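Student: Let's see this in three dimensions:
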Amino acid sequence: MACLQTSSLLFPTSSTLSSSSRRMINAAIQVPKVPRLRFTNPKTATKLVLEGLQLSDGISNTYQIAQPKHQESSKHFHSTTTSTSTATIQLYAILEEVADRIEMHINIGEQRNNWNVLLLNSINMITLTASIMAGIAGTVGAGMPILALKLSSALLFTAASGMLLIMNKIQPSQLAEEQRNATRLFKQIQTQIQNLLALREPTEQDVKETMEKVLALDKAYPLPLLGAMLEKYPKKFEAAAWWPKSHGVQNPSETKSRMGKTNGWSEDLEDEMREIISVVKSKDFEDYERLGNLALKINKVLAISGPLLTGVAAIGSAFVGHNDLAAIAAVAAGSLSTAVNAFQHGGQVGMVFEMYRNCAGFFNKLEDTIEATLGEQDLEKRENGELFEMKIALELGRSLPQLRELASKSASCRRNGTVIDEMGSKLF
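Tutor: Below is the predicted model of the structure:
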């Protein structure tokens, strides 16, 4: 009896083991190995072995049940990962590149604006110093002092001429304006991508169009100076073009709505858009083209006058002492060169020319957008007409009633054979 009591204390009964094994299975706790013991009673050993097999079978079943749950969660994660479309991933990649372009244009724009300020101040100080030295040399007698002043003045005027030639060639103020425009336009593309991802699932066509927009903008506003820099003194004023041109667009005057009102479009709305195009082309674009040509001519004259005057001053300073007129010419030419340089680069004539070029490009883009939309004969494929009308009104700085009033006024003037006296845009 003592032996049996001792064994019962060492080894619990089957009911106790059974309930304990269920708790351990439910809690998913690993059961430690049972130490090897010698038993004097064979019946007790056999009973314990059978209960141990039952316990291990329960743990094995529990593991087999839990394993498919892990596999199922893994499959669910894989399906969630692959559910994101390739077009969405590509658009996010383009969005990252656009954000990088924005940062690059901001940094380079600030750098080139600093170039304009530093070069302007440096050249003006050099020119004024050389003019003062040439004037002093004209009042000093013959000898080494006048030779030192003449040589220093001539060298300073020559250095100013070379710096002015470089500055007039690259036009830092115009370069800075290009980077500001590129930053603004890349931010527009960034907003368009974000809106597209928020509103609907993108397609491969969306990815292609976005890529074309980014590449066209890169070409319109290049970052490097050598080789890819835009011509600063073109023979003729040309508006900026930073958007991909539409291909295969029919003449909007040949397309008419075949329904009363579909997708927000009607025949009256199409006529209104055509009148807006007419006003923008005849008034806004022509006005900015005239101003752009004027700014281009002024910039060319100033770009030639500055280095020419410093060159004359350098030659005059070399003859100071031999002729009183030489000193007068050196001082006068140096002073005029300083004034010309201050007006051209301090007044940022190159920036003004680029601003007119960008504004003219804006009206060209507006015209191209309207023509491309009206050229689509399938009304369901167009952008919603009411939304499109609202966008055009906002881009021109007008309300919807003002836009319709402008179109009505343009149609009335055209019927009467008169020219409309109102600009299309109230924004510029």
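
Student: can you list the domains in this structure?
Tutor: 2-29+38-71, 89-222+268-416 (automatic domain parsing).

Student: so which of the ones you listed comes closest to Ser246?
Tutor: Ser246 sits nearest to domain 89-222+268-416 of all the domains of the chain, at 4.1 Å, using Cβ to Cβ. Where you see a C-beta, it was placed from the backbone N, CA and C, and this is true even at glycine.

Student: Can you lay out the domains of the chain as CSV showing mean pLDDT and mean neighbour count?
Tutor: Shown next, in CSV, are the domains of the chain (pLDDT from 0 to 100; neighbours: other Cβ atoms under 10 Å):
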stretch, mean pLDDT, mean neighbour count
domain 2-29+38-71, 43, 12
domain 89-222+268-416, 93, 18
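
Student: could I get those domains as TSV with distance to Phe237?
Tutor: What follows is the domains of the chain, written out as TSV (distance: least, Cβ to Cβ, whole Å):
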stretch	distance to Phe237
domain 2-29+38-71	69
domain 89-222+268-416	4
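
Student: Could I get the full set of helices for this protein?
Tutor: Assigned by DSSP state H, the chain shows helices spanning 2-10, 14-27, 42-82, 86-137, 144-170, 172-199, 204-220, 267-279, 286-318, 324-341, 349-374, 385-395, 400-416.

Student: which helices and strands sit right next to the longest one?
Tutor: Okay, so that is helix 86-137. helix 144-170, helix 172-199, helix 204-220, helix 286-318, helix 324-341 (3 or more Cβ pairs under 8 Å, 6 or more residues apart in numbering; DSSP states H and E).

Student: and that helix, how far from the chain's centre?
Tutor: Computed by Cα atoms, centre = their mean, to the nearest Å, the chain-centroid distance of helix 86-137 equals 17 Å.

Student: dump the residue contacts of the spatially most central residue of the chain.
Tutor: Nearest residue to the geometric centre of the chain (Cα atoms, centre = their mean): Phe186, 1.9 Å. With contact taken as Cβ atoms under 8 Å, 6 or more residues apart in numbering, Phe186 is in contact with 98, 101-102, 105, 217.

Student: Distance-wise, check Ala407 relative to Lys283.
Tutor: 13 Å (Cβ to Cβ, to the nearest Å).

Student: Contact partners for the nearest residue to Asn293 once chain neighbours are set aside?
Tutor: Using Cβ to Cβ, 6 or more residues apart in numbering and skipping the chain neighbours, the partner closest in space to Asn293 is Phe237 (4.6 Å). Shown in contact with Phe237 (Cβ under 8 Å, 6+ apart): 289, 292-293, 296, 356-357, 360.

Student: Relative to Lys261, which of the domains of the chain is closest?
Tutor: Using Cβ to Cβ, the nearest of the domains of the chain to Lys261 is domain 89-222+268-416, at 8.1 Å.

Student: Mind exporting the C-alpha coordinates of stretch 133-142 to PDB?
Tutor: This file holds the C-alpha atoms of stretch 133-142, laid out as PDB (Å, rounded to 0.1, in the frame of the first residue of the first chain):
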ATOM      1  CA  MET A 133      41.200 105.100 -61.000                       C
ATOM      2  CA  ALA A 134      41.000 106.400 -64.600                       C
ATOM      3  CA  GLY A 135      39.800 109.800 -63.400                       C
ATOM      4  CA  ILE A 136      42.600 110.000 -60.800                       C
ATOM      5  CA  ALA A 137      45.100 109.000 -63.400                       C
ATOM      6  CA  GLY A 138      44.000 111.900 -65.600                       C
ATOM      7  CA  THR A 139      44.900 114.400 -62.900                       C
ATOM      8  CA  VAL A 140      48.300 112.900 -61.900                       C
ATOM      9  CA  GLY A 141      51.500 113.900 -63.700                       C
ATOM     10  CA  ALA A 142      53.800 111.700 -65.700                       C
END
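
Student: Centre of the chain to it, how far?
Tutor: Distance, centroid of stretch 133-142 to centroid of chain: 55 Å (Cα atoms, centre = their mean).

Student: ok, now stretch 187-194?
Tutor: 8 Å.

Student: now do stretch 336-353
Tutor: 29 Å.

Student: Ends of it, what's the gap?
Tutor: In terms of Cα to Cα, to the nearest Å, the two terminal residues of stretch 336-353 are separated by 23 Å.

Student: So what touches that stretch?
Tutor: For stretch 336-353, contacts defined as Cβ under 8 Å, 6+ apart pick out 116, 119-120, 123-124, 127-128, 131, 160, 164, 167-168, 171-174, 176-177, 232, 292, 295-296, 298-299, 302-303, 305-306, 309-310, 313.
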